[in-house]
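In: Please work out how this folds:
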Amino acid sequence: MVLDDAALDRLFREARTHNGFTDQPIEEATLHALYDLVKMGPTSANSSPARFVFVRSPEGKERLRPALSAGNLDKTMAAPVTVIVAYDPRFHDYLPRLFPHNPDAAKWFTGNESLAATTAFRNGTLQGAYLMLAARSLGLDCGAMSGFDNARVDEEFLSVEGWRSNFLVNIGYGDPEKLFPRSPRLDFDEACRVV
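Out: Residues are numbered from 1 along each chain as shown. Coordinates of the predicted model:
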C-alpha cells in the first residue's frame, strides 16, 4: 500500500522543523499514543534501546534550562513538550524478552562493550527519527536539536537509570508565523549512488 499525497506531505514534503509552537497543550494520552507508534519501528535484533523523557512541566523545563545552548533556550522553554531522546547502554538486558527466538542474543553485547555502545546509539537514533515521524502522523510538529550539554542532561534526568542523552526534540502544534524559509536539499545525484 502506498500512502496518499496528503500523508506524504504531512510526513515529509510539507513537514518543517518548527522553532515556535502555539500554547495548545499536549495531553498525556497523546504521548502514550506517540510511544505506541514509535515502539513498533524496526531496530536490529528488536533491541529497542531508545528511552524517552517527556519534559512538559514548568519544573521540568527549569531543570532543563541550564543545559540548553543560548540559541535553543527560548524555543525550548516555550515548547509544550521537550523530549529527551536517550538510549540505554544496558538495552541488551531486555533481549531475552524482546528477541525471544534467540535466547543467547544478550551475550552478543555483554562481552563487547564497543558493539553494545554502537548498537545502542545507532538504533536509539533511529528510534528518535521514528518519534518525529510518529509525532507528525498524530498532527504534532517537531524541532530536533543538538545544542545542549549532554553531561548535564544525563546527570539531571537520566543518571538513576544510567541512560545517556542523544538529542532533544521540541514537540507541539507549530506556529507557522515562526517558521524560517525552507532550506534547500541535495539532489539525488549529489547524495546517492546506485551500484
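In: quick check, distance from the top strand by length along the chain to the centre of its chain.
Out: Ranked by residue count and defined by DSSP state E, the top strand of the chain is strand 164-172. A distance of 5 Å separates the centroid of the chain from that of strand 164-172, by CA atoms, centre = their mean, to the nearest Å.
In: And for stretch 167-182?
Out: With CA atoms, centre = their mean, you get 15 Å for stretch 167-182.
In: Kindly report the same for stretch 35-52.
Out: 11 Å.
In: Now do the buried residues in that stretch.
Out: The neighbour-count criterion (16 or more other CB atoms under 10 Å) identifies 38, 41, 43, 45-52 as the buried residues of stretch 35-52. C-beta: built from backbone N, CA, C; applies to glycine.
In: Could you work out the most separated pair of these?
Out: Farthest apart among the buried residues of stretch 35-52 by CB to CB are A45 and F52. That separation is 20.0 Å.
In: list the helices and strands the longest strand of the chain packs on?
Out: helix 70-78, strand 81-87, helix 113-137, strand 141-145, helix 150-153 (3 or more CB pairs under 8 Å, 6 or more residues apart in numbering; DSSP states H and E).
In: Give me the most central residue, this protein.
Out: G128 (2.7 Å; CA atoms, centre = their mean).
In: Between the helices and strands packed on strand 164-172, which shows the greatest average number of neighbours?
Out: strand 81-87 (a mean of 24; mean count of other CB atoms under 10 Å).
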